[in-house]
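K.L.:
coords please:
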Amino acid sequence: MKRLTLALALFCTARPSLAAFCNYFSTGPVANGTFIRTANATLVIPPHSPKTGLLSLWTGMGTSNGDLIQALVESYNGSADTGCGVLPKQDWCAYSSTLSVNGKKQGQIGARQVLVKPGDHVQQSYIYNDADGLYDQYTLVNGRLTSTLRTRSGHAQGWGTAEECQPEEPCGPVPAHHWIDVVLVFDSADPSYGATVGTNGASGNLVTKDGGVVWTAAEIHINACDFNFTAS
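P.N.:
Purely as a prediction, here's the structure:
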C-alpha cells in the first residue's frame with residue numbers, strides 16, 4: 001500500500017461501497033515510536049457546489065485503533081444532515097466528526113452542525129489529551145468555536161485532506177479550494193515525515209525547522225474535480 005493513502009485507505013476499507021474520492025494531499029504513516037499529537041488546518045470555504053449527492057471536504061487522521069478523525073464541511077441536496085437542515089443556495093454545513101470503528105459508539109459520530117458561507121474560515125483542530133488518552137476535536141468558524149467532540153481513538157498515524165462523495169445522485173463538480181495554516185505536532189521527532197507526502201490534483205509543501213517535531217504548510221491548494229458518476 002502506498003504510504004500517501006493512509007487516511008483515505010482507512011475510510012475506503014470501512015465503507016467501500018458508499019464513498020468515492022477525488023483530489024487529495026495525504027501524508028503518513030508516522031515513524032515507529034511516534035504519533036501525531038496535534039493537527040490544525042483551516043479551510044477557506046469555496047463557492048457552493050451543486051446540491052446533489054453528499055459532498056464532504058475534510059482533513060483526517062487515521063489512528064492506531066482503526067478510527068478516522070475527520071471534521072466535515074458538507075454540501076448536499078435536501079436534508080442529508082438534520083443539524084443544518086436544507087442548505088440555502090450558497091451555504092455549506094460544518095461540524096466535528098469521527099468515523100469510529102472500535103469505540104463504545106461505532107459508525108459516523110457527529111457533533112453540533114453550523115451553516116458556513118463562501119469565504120468563511122473553518123479551522124479543524126485535533127489535539128491528543130494526555131490526561132485521559134482521548135483526542136479533543138474542535139471546529140472553529142472565523143475564530144469562533146462552534147463544534148467539539150472527544151473520542152478514544154488510539155494514536156494518529158497519518159494526516160491528509162479529502163474530497164469525498166457519497167452519492168445517491170452524482171456529486172458533480174467540486175470547486176477548487178485551499179487549506180491554510182497547517183500545523184502537525186508529533187510526540188517525538190519524525191525527520192523523514194515530509195517524504196511521505198503524496199498528492200493527486202493538489203499542491204503544497206510540508207516543512208520542519210526543528211528536525212521533525214513540528215511540520216507546517218502555509219497553504220495546500222486542491223484543484224477542482226468533477227464526480228461524474230452515479231451510485232450502482
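
K.L.:
rest of the way, CA atoms for contacts and neighbours
P.N.:
Will do.

K.L.:
do you know how far Val183 is from Thr216?
P.N.:
Computed with Cα to Cα, to the nearest Å, the distance linking Val183 and Thr216 is 5 Å.

K.L.:
typo on my end, Ile45
P.N.:
Here the distance between Ile45 and Thr216 works out to 20 Å (Cα to Cα).

K.L.:
Equivalent analysis for Gly201, please.
P.N.:
As judged by Cα to Cα, Gly201 and Thr216 stand 20 Å apart.

K.L.:
Between those two, which is the more surrounded one?
P.N.:
Between Gly201 and Thr216, counting by other Cα atoms under 10 Å, Thr216 is the more crowded of the two (20 against 14).

K.L.:
wait, what's in contact with the residue nearest in space to the middle of the chain?
P.N.:
Centre of the chain computed as the mean C-alpha position; nearest residue by Cα atoms, centre = their mean is Thr59, 1.9 Å away. Applying Cα atoms under 8 Å, 6 or more residues apart in numbering, we find Thr59 in contact with Ala41, Gln70, Ala71, Leu72, Gln124, Trp159, Gly160, Thr161, Ala162.

K.L.:
my guess is it is in a strand, correct?
P.N.:
Yes: checked against DSSP: H, G, I helix; E, B strand; the rest coil, Thr59 lies within a strand.

K.L.:
leaving aside the residues next to it on the chain, what's closest to it?
P.N.:
Spatial nearest neighbour of Thr59, excluding adjacent residues (Cα to Cα, 6 or more residues apart in numbering): Thr161 at 4.3 Å.

K.L.:
and if you look at Ile127?
P.N.:
Leaving out its chain neighbours, the residue that sits closest to Ile127 by Cα to Cα, 6+ apart is Thr38, at 4.5 Å.

K.L.:
what pairs with the one you found across the strands?
P.N.:
Applying DSSP bridges to Thr38 yields these beta-bridge partners: Ile127, Val185.

K.L.:
repeat for the one 5 residues further on
P.N.:
Listed beta-bridge partners, Leu43: Val122, Trp179 (assigned using DSSP bridges).

K.L.:
okay, it: pLDDT?
P.N.:
Model confidence at Leu43, given as pLDDT, is 98.

K.L.:
now the one 10 residues further on
P.N.:
Here the pLDDT value assigned to Gly53 is 78.
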